[in-house]
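Engineer: need the 3D shape of this:
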Amino acid sequence: MEKECLLLQLFLLSVYSWNPDAGYVPSWTKMPGVSVKATSGANHATNIIDNDDNTHWTSESCLPSGYVSRADENILLNACSNGHCSVECDSANDLVKMTDGNFYTLSHVNVNTNATGQQKAKMMVQFQTPMDLHLLSVWGIYKTETELRVIYWNATTEVLKSLQHSDNY
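Structural biologist: You can find the predicted model right below:
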């Protein structure tokens, strides 16, 4: 009997001292003296520290955004609408949308099929003077192997990337 009482007492003591956060690093949002400042959604930012798991706040992108539509950071912006683009393919609609700086507009390019069955489409952007290109982002849906090539000012070419169907989006 004494043994059973001792076990019951130990069990009750362990229940009363239960800490659901034991072993976890406490959240910075639950530390005393924490305040919130935000440049985006500032009126809802205090939801972070309100101790209510049913409220939240999400910041805007932590990475730079908007650079695609900035002419000072995107040398290809509106290149097609300014007459710097040409295509060699079966057909292309809305060529200007290829460089309009908007992720939500599309230009459809249909490939040519030559006598040997090879499919090919070529889109070119040409400027009056050579331009330094530091980063190139291409979005597309690739039904078969697609090569991204660059033609340098001295007419040499280089394959930058071979894109497969699995690279879509």
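Engineer: in the chain, which spans are helices?
Structural biologist: With DSSP state H as the criterion, the chain has helices at 2-16.
Engineer: pLDDT weak spots in it?
Structural biologist: 1-18, 21, 40-41, 60-65, 168-169 (pLDDT under 70).
Engineer: how does it divide into domains?
Structural biologist: As assigned by automatic domain parsing, the chain contains the domains 2-49, 67-167.
Engineer: looking at the ones you listed, which is buried most?
Structural biologist: domain 67-167 (a mean of 12; mean count of other Cβ atoms under 10 Å). For the C-beta atoms, the positions are set from N, CA and C on the backbone; glycine is no exception.
Engineer: and the end-to-end length of that one?
Structural biologist: Domain 67-167 stretches 23 Å from its first residue to its last (Cα to Cα, to the nearest Å).
Engineer: what does stretch 104-122 give?
Structural biologist: 22 Å.
Engineer: angles on the backbone of Asp144, please.
Structural biologist: One correction, residue 144 is Thr, not Asp. Thr144 adopts backbone torsions of phi -150, psi 180, taken as degrees, to the nearest 10.
Engineer: residue contacts, it?
Structural biologist: With contact taken as Cβ atoms under 8 Å, 6 or more residues apart in numbering, Thr144 is in contact with 119, 165.
Engineer: re the thing from before, and the domains of the chain as CSV, adding distance to Thr55?
Structural biologist: CSV is the format used below for the domains of the chain (distance: least, Cβ to Cβ, whole Å):
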stretch, distance to Thr55
domain 2-49, 4
domain 67-167, 30
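Engineer: out of those domains, which comes closest to Ser59?
Structural biologist: domain 2-49 (5.8 Å; Cβ to Cβ).
Engineer: hang on, Ile49 packs against Ser27?
Structural biologist: No - under the criterion of Cβ atoms under 8 Å, Ile49 is not in contact with Ser27, lying 9.4 Å apart.
Engineer: tell me the spacing between Ala45 and Leu77.
Structural biologist: Separation of Ala45 from Leu77 (Cβ to Cβ, to the nearest Å): 33 Å.
Engineer: what do you get for Ser107?
Structural biologist: From Ser107 to Leu77 the distance is 15 Å (Cβ to Cβ).
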